[in-house]
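Chemist: what follows is a predicted protein model with its sequence.
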Amino acid sequence: LRLEGGYMSPTQDIYRLQSDLHVGGSLTIGRAAFDANGFQTTVDGFTALTGGSVLTPYSPGYDGAAYYARTGDQHFNGGLSLGYRANFYGGTGTVDVKNYLTVSTANFYAPSILNLYGAQNYFQWFNDIAGKFDPGTGTVNFLGSGPQTLRFDSYIDFYNLNVNLADRQALTIDSSIGGVRVGGDLNLADGLLSSINAWRPSVLVSGDVTVKPGFDGGNMPLGFSGAAPGFHNFDLTGAEDRFDASIWTNGEVRLLSNLIMDAPEQHLSIGSGILDSNHHDISLTGNWTNSGGTFLGTDATVRMIGTNQKVLGNTTFHNFSKVTDKADTLSFESLSTQTFTGTLELQGSVGGVLSLRSWRQGYPEGYQAYIDPQGARVTGYLDVKDNSNMNTVDVACTNNCVDSGNNVKWIFKLPEPAPAPAPEQTPGQ
């Protein structure tokens, strides 16, 4: 089925449905508007909204085809392509797109529910026209049993975003710059998020994030924007170890489960916001960075489970643990203070000493890192250097510990016992 309009007309011809439409082949809309008018449309082949013309000093150009989904469900079983300056207006119904969705310097106004089953979803905009994907307040679902690719030239915005790809198939993000911004909630039910670019564009979320047991991670960093008021809920119940990328926040984030970041070099960063452990533990293989935010670690334990890790910025922890069975190094940022209100556990082993060092980008060695352990201390097999204990009680590290210098209020050797007093001599003996 091909619907055409008058190319020289200042307005588009409109084709308005009066009943449900089923196209067994393809649907092409030229310089015309298609109005579903509350009815269901099903196209088994591909659907193409043809493009308009370029704006020039001699011609105002003209828009491409337009599609008005309205309230009826729209099913594009062979793919949907929007040409130059074409416009798709989603309504309150559901729009299903299989095989591919291509928006090439066009405008796509998302419906209430957009289900994408395609292998390729391609969004491209150029500077000569303000093409966009407008998410509105709708939900976009990546569904199906095969891998999918989401390609775009700059940032792409969604409102609610769900990833549910069966058998843990990948949703691959292909972007030269930018990333994915989610203005509402992110639900990761099954599949994984990955990027083909080494710099790994991030997923930035303004609402809640839920990770289900079927999700299998990926290398896409997750950020909480803080754009929405109140706390973001981060729920990984049953999937505590399933998110495999780094996490950072400028908002207020509340954990609803333990967080196990056990993939290689998973970093956790707190920007200007709040990370509330909400009585849940955090395990981390990468670096911990606090750039001016707040960590609420009440009753929680932070475990450093990677190698050569760094703790940067100033943070108040409750329980903090670093235990290793092989030689390793834990660095606290010099000129910064780490406070521990619960138990501080720093332990190497017979198999390898844990070196405790200070480090700061651009600074030479010799600057001290500061700690304030206010609760119990569990130490052993440590090599300590450039560390200043700010607490009134010394840190006793007497179980196979080494003092490598420039340490304050650390005890590495128990004091020698006082010699026993000589027995008193009885006169005449």
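Modeler: Received the coordinates, thanks.
Chemist: only C-alpha atoms for contact and neighbour calcs from this point on.
Modeler: Fine.
Chemist: partner residues bridging N389?
Modeler: I371 (DSSP bridges).
Chemist: from Q74, how far out is it?
Modeler: 66 Å (C-alpha to C-alpha, to the nearest Å).
Chemist: more crowded one of those two?
Modeler: Q74 (26 against 20; other C-alpha atoms under 10 Å).
Chemist: check contacts around the more buried one.
Modeler: Q40, T41, T42, G93, T94, V95, D96 (C-alpha atoms under 8 Å, 6 or more residues apart in numbering).
Chemist: at 6 Å instead, please
Modeler: Q40, T41, V95 (C-alpha atoms under 6 Å, 6 or more residues apart in numbering).
Chemist: confidence score at it?
Modeler: pLDDT recorded at Q74 is 98.
Chemist: now swap in R31 and tell me
Modeler: Reported pLDDT for R31: 82.
Chemist: swap in W199?
Modeler: Confidence score, pLDDT, at W199: 65.
Chemist: again with T137
Modeler: If you check T137, the pLDDT there is 96.
Chemist: thought L256 was touching T237?
Modeler: No - using C-alpha atoms under 6 Å, L256 is not in contact with T237; the gap is 7.2 Å.
Chemist: quickly list what H22 is bridged to.
Modeler: Going by DSSP bridges, H22 forms beta bridges with T42.
Chemist: re the thing from before, can I get the contacts of Q74 in TSV with neighbour count and pLDDT?
Modeler: Formatted as TSV, the contacts of Q74 follow (neighbours: other C-alpha atoms under 10 Å; pLDDT from 0 to 100):
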residue	neighbour count	pLDDT
Q40	21	98
T41	19	98
V95	23	97
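Chemist: got any ranges where the stretch 1-150 of the chain has weak pLDDT?
Modeler: Across the stretch 1-150 of the chain, the ranges flagged by pLDDT under 70 are 6-12, 52-62, 119-131.
Chemist: what sits against S277?
Modeler: Contacts for S277 were tallied using C-alpha under 6 Å, 6+ apart; they are L255, L296, G297.
Chemist: turn those into a markdown table, including secondary structure.
Modeler: Formatted as a markdown table, the contacts of S277 follow (DSSP: H, G, I helix; E, B strand; the rest coil):
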| residue | secondary structure |
| --- | --- |
| L255 | strand |
| L296 | strand |
| G297 | coil |
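Chemist: so how far is Q148 from Y117?
Modeler: Noted for Y117: a distance of 8 Å to Q148, by C-alpha to C-alpha.
Chemist: ditto for E265
Modeler: To Q148, E265 is 26 Å away according to C-alpha to C-alpha.
Chemist: more neighbours, those two?
Modeler: It is Q148, of E265 and Q148, that has more neighbours when counted by other C-alpha under 10 Å, with 23 against 18.
Chemist: next, count neighbours for G230.
Modeler: Residues near G230, counting by other C-alpha under 10 Å: 12.
Chemist: give the buried residues for the host helix or strand of N233.
Modeler: In this assignment (DSSP states H and E), N233 forms part of strand 231-235. For strand 231-235, burial by neighbour count (16 or more other C-alpha atoms under 10 Å) applies to F231, H232, N233, F234, D235.
Chemist: hmm, who's touching the helix or strand just after that strand?
Modeler: Following strand 231-235 in sequence order, the next helix or strand is strand 247-249 (DSSP H and E). Strand 247-249 is contacted from outside by P221, L222, G223, F224, L268, S269, I270, G271, using C-alpha under 6 Å, 6+ apart.
Chemist: which of the residues you listed are buried?
Modeler: P221, L222, G223, F224, L268, S269, I270, G271.
Chemist: and the contacts of S277, which of them are buried?
Modeler: By 16+ other C-alpha under 10 Å, those give L255, L296, G297 as buried.
Chemist: nearest to G207 among those residues?
Modeler: The shortest gap between G207 and any of these belongs to L255, at 13.1 Å (C-alpha to C-alpha).
Chemist: for the closest one, what are its contacts?
Modeler: F234, S277, N278.
Chemist: ok, now N407?
Modeler: Contacts of N407 (C-alpha under 6 Å, 6+ apart): D386, N387, S388.
Chemist: what's the neighbour count on the last one?
Modeler: If I follow you right, that is S388. Residues lying near S388 (other C-alpha under 10 Å) number 22.
Chemist: the first one now?
Modeler: The number of residues packed around D386, counting by other C-alpha under 10 Å, is 22.
Chemist: about what we covered before: make JSON lines out of the contacts of S277 and add pLDDT and distance to T105.
Modeler: Formatted as JSON lines, those follow (pLDDT from 0 to 100; distance: C-alpha to C-alpha, whole Å):
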{"residue": "L255", "pLDDT": "96", "distance to T105": "40"}
{"residue": "L296", "pLDDT": "96", "distance to T105": "45"}
{"residue": "G297", "pLDDT": "95", "distance to T105": "47"}
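Chemist: pick out whichever of the buried residues of strand 231-235 sits closest to R181.
Modeler: Using C-alpha to C-alpha, those come closest to R181 at H232, 14.8 Å.
Chemist: which residues sit in contact with that closest one?
Modeler: G207, D208, E252, V253, R254.
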